[in-house]
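Asks: from the sequence below, what's the structure:
(2 chains)
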2 protein chains.
Amino acid sequence: MSDEIDPPATGLPEPEESAPTGVSRRGLLGLVGAGAAGLVVGGAAGAGIAVAAKATAAPPSSATYPFYGEHQSGITTPVQEHLHFASYDMMSRTTREDLISLLQDWSYAASRMTQGLDVSATGAVSGPVESPPDDTGEAMGLAAAGLTITFGFGPTLFENAGEDRFGLAAQRPAELQALPAFLGDALDPAQSGGDLCIQACADDPQVAVHAIRNLSRIAFGRAKIRWSQLGFGRTSRTTAAQTTPRNLFGFKDGTANILADDSAALAADVWIASDQPAWMAGGSYLVARKIAMIIESWDRVRLAEQHRIIGRDKGQGAPLSGGDEFTAPDFAATGATGKPLIDERSHVRLAHPDHNNGVRILRRGYNFVDGNNDLGRLAAGLFFLSFQRSPAQFVTLQRALSTDAMNEYIRHVGSGIWIVPPGATAGSYVGAALLA
Amino acid sequence: MSDEIDPPATGLPEPEESAPTGVSRRGLLGLVGAGAAGLVVGGAAGAGIAVAAKATAAPPSSATYPFYGEHQSGITTPVQEHLHFASYDMMSRTTREDLISLLQDWSYAASRMTQGLDVSATGAVSGPVESPPDDTGEAMGLAAAGLTITFGFGPTLFENAGEDRFGLAAQRPAELQALPAFLGDALDPAQSGGDLCIQACADDPQVAVHAIRNLSRIAFGRAKIRWSQLGFGRTSRTTAAQTTPRNLFGFKDGTANILADDSAALAADVWIASDQPAWMAGGSYLVARKIAMIIESWDRVRLAEQHRIIGRDKGQGAPLSGGDEFTAPDFAATGATGKPLIDERSHVRLAHPDHNNGVRILRRGYNFVDGNNDLGRLAAGLFFLSFQRSPAQFVTLQRALSTDAMNEYIRHVGSGIWIVPPGATAGSYVGAALLA
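Replies: Next up is the predicted model:
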């Protein structure tokens, strides 16, 4: 059979260096040829819509979000049901030109897949039968399913052990550093860091997996996956119309998240401001933390103690000071014994903006189950993702949680930080303003 | 904090041995108390519906299927979108009484969860706050989502290395043996076998995960997870109204599956016949095979060669002899060169009933992605599940596939076989006729 296999290649043409706008040849072909591809278009392919979609209800699986725009999609987009997250390292001996071509090819493919299209106009089945298909095909017939693809650049892309591989060291933001060690960290390097990251979110897991698989394939010879994570059951919401989901501790999660229509909070806490270099203004910092939950221990904790640890009740998610889910917690309220109704070591108190100089972050995490361990326990937890205008916001909150009563039941096993550039303009690519 | 944790316990009362109908105390309480639980009921809880549901369209996420009935649900039920499968081993020094109580407790909890209820009437939040909750809570507020829970008994439950732990050796069906070795097997014992299995399928992964998690918790001290697998993107269909999905090779899968309304095929190929012992008649044999796909190699194969290997075209799924997806393959048809249009080593030809003495099986597999390996390749594949009246059917087909051209791109890494007893009668438990 080996004579039947083509030599290692992506099956995709290489981008032309002469493309004048920073768009690869494939990109130009795609923009011209999309109408002839004979594929169902889930939305306005390549339309240069300038702002992220602001849906007011949970999106149906046919939802389509723009790829191009002021900000990358996948941050304020209504949180989809499924995640495939992947961290990549650039391969050895790759050049700045390789990085540029990779980002061009990734952006072009993402601009198509987010619209429900194959990765190229040729796609999965309309190319020559004597070539490997451009697209792996498992998403044929599926809708866009709200797919968003969000790219981030890690500290090591700018400078890796003192080496300036891509001529980016001078532009490295001072804040873009590996996160400091936190009390109780048990980080696995094989689940941490990475030169680049891609967050693919969709309402159909096959659509998210198809995106990461094809972007990994396009990266062949330039970058490869360092680690990856699937997630389900969003643990946050970004619109008031989305119900508050539950994490694997059984509690509602995301009640007080920053919402997509809160422009003041987005400007204050999420988007990198316009006084920063143009290539990063309108972007954000993405923090990922893989948090293993010791669910068997948690499940043996008395309900009253679970309430005390979280600071909210399990059924409705109301703060223990009273009211309903959306009532503001009253940290001064005391019970019959004179003790605060919301414990001083509770998660809700320690993480609350009132006790952290007003710091807020936009959370976008997912539940995960990675099978089970040798003891027959489910390897389960929360894949925490947050967006903030500065890594200092996450660091402040994570340090505040060092006395969190919940810490006995969790363990941070993976960690990463990336700067997420602003959205690309139509036909360009994510990172063009940094690299062009 | 350790003084705040209750000693290891499920938080659930032990079943009473005196329960006359084989129902545990919890079961009796549940049947009496379900109406008072104050929880949303997704369907007719505990109704002794005698036949499996036969939906004619893809179920919405609020679909509810009966737990009790002639057959267990989760076989002919319209294939749901998500899977959590778990294999369990009985713990050392457990007795026949432990096994009976486990099956009683599992059946009772399954009869509730499949109806969108918590595992018990007390559930996640309505019990005493000074006890750990009965239910872990992450499915609160979610619909039944078409949940089915299907139990199976492995060869080792009947006899393990010559030991008759549960007094079942005399009743072991002669056919219930570990599967024979097949050419190219690369089985990992840590992903194979098991005394018991549970297949949980639902249209919401959180609902399927909640079921396995809570059933594992209920098993505390009696059985523990040996291995488990999450899956998404069903790779088959059991009703004509369900679209044919695609596997991770990008091809449609399940076109010729046995459908739920094909009574003749179900009787001939799926259900164990009434001439067998009563405890197994109306049951089926479940085979699981974890099949790793070498997707990076497959993705470099020319489209024409992919077509040749499968024997169908990638876009429509039509046999290479012509027609559309549902046209019967014509294995005698030849092309201009005189060679068969459907290659003799193609998957569709080797697996076809015409070349296997009419043997058919009901497939119910799922795609999976377990992160990535050290080379940065996605650990992806097909978690194959099939139901058949005799293991010989699977063995026949798997041996026929020994020359399958697809074998270069797959590797069987996990394997298991279990007998799936018929459905329980209302208020009883799966396996009662074997164990009572």
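Asks: now do the SS call for the closest residue to A:Ala139 other than its chain neighbours.
Replies: In space, and not counting its chain neighbours, A:Ala139 is closest to A:His210: 4.0 Å by Cβ to Cβ, 6 or more residues apart in numbering or on different chains. In short, each C-beta sits where N, CA and C put it, glycine included. Counting by DSSP: H, G, I helix; E, B strand; the rest coil, the backbone at A:His210 sits in helix.
Asks: got the residues of the stretch 51-200 of chain A near chain B?
Replies: Within the stretch 51-200 of chain A, the positions near chain B by Cβ under 8 Å from any Cβ of the partner chain are A:82, A:84, A:86, A:88, A:124-125, A:127-133, A:135-141, A:190.
Asks: recalculate using a threshold of 7 Å.
Replies: Applying Cβ under 7 Å from any Cβ of the partner chain, we find that the stretch 51-200 of chain A lies next to chain B at A:Ala124, A:Val125, A:Gly127, A:Val129, A:Glu130, A:Ser131, A:Pro132, A:Pro133, A:Thr136, A:Gly137, A:Glu138, A:Met140.
Asks: also the stretch 251-400 of chain A?
Replies: Counting by Cβ under 7 Å from any Cβ, the stretch 251-400 of chain A sits next to chain B at A:297, A:299-305, A:314-315, A:367, A:369-372, A:376, A:378.
Asks: before we move on, back to that, closest one of the residues of the stretch 51-200 of chain A next to chain B to A:Glu175?
Replies: Closest approach between these and A:Glu175, by Cβ to Cβ: A:Thr136, at 37.2 Å.
Asks: wait, doesn't A:Gly231 sit right on A:Val369?
Replies: No - between A:Gly231 and A:Val369 there is no contact under Cβ atoms under 7 Å: 9.4 Å.
Asks: isn't A:Pro132 up against B:Arg300?
Replies: Yes - here A:Pro132 reaches B:Arg300: they are 5.1 Å apart, a contact under Cβ under 7 Å.
Asks: just the buried residues of the residues of the stretch 51-200 of chain A next to chain B.
Replies: A:Ala124, A:Val125, A:Gly127, A:Ser131, A:Pro132, A:Pro133, A:Thr136, A:Gly137, A:Glu138, A:Met140 (16 or more other Cβ atoms under 10 Å in any protein chain shown).
Asks: among these, which pair sits farthest apart?
Replies: It's A:Ser131 and A:Glu138 that sit farthest apart of these, by Cβ to Cβ, at 18.4 Å.
Asks: ok, the residue of the stretch 151-300 of chain A found nearest chain B - contacts?
Replies: Closest residue of the stretch 151-300 of chain A to chain B, Cβ to the nearest Cβ: A:Gly250 (2.6 Å). Contact analysis of A:Gly250 by Cβ atoms under 7 Å, 6 or more residues apart in numbering or on different chains lists A:Lys314, B:Ala124, B:Thr136, B:Gly137, B:Glu138, B:Met140.
Asks: Serialize those to CSV and add fields for pLDDT, secondary structure and distance to A:Leu435.
Replies: Output for the contacts of A:Gly250, formatted as CSV (pLDDT from 0 to 100; DSSP: H, G, I helix; E, B strand; the rest coil; distance: Cβ to Cβ, whole Å):
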residue, pLDDT, secondary structure, distance to A:Leu435
A:Lys314, 98, coil, 48
B:Ala124, 97, coil, 51
B:Thr136, 98, coil, 47
B:Gly137, 98, coil, 47
B:Glu138, 98, coil, 43
B:Met140, 97, coil, 47
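Asks: circling back: which one of the buried ones among the residues of the stretch 51-200 of chain A next to chain B is nearest chain B?
Replies: Scanning those for proximity to chain B, where the rule is Cβ to the nearest Cβ, the winner is A:Gly137, at 2.6 Å.
Asks: for A:Ala200, grab phi and psi.
Replies: The phi/psi pair for A:Ala200 (degrees, to the nearest 10) reads phi -110, psi 120.
Asks: now do A:Ala304
Replies: Torsion angles, degrees, to the nearest 10, at A:Ala304: phi -60, psi -40.
Asks: can you tell me the closest non-neighbouring residue to it?
Replies: B:Val129 (3.8 Å).
Asks: is that neighbour in a helix, a strand, or coil?
Replies: At B:Val129, secondary structure determined by three-state DSSP is coil.
Asks: A:Ala86: what's it in contact with?
Replies: A:Cys197, A:Ile198, A:Ile212, A:Ser216, A:Ile225, A:Ser228.
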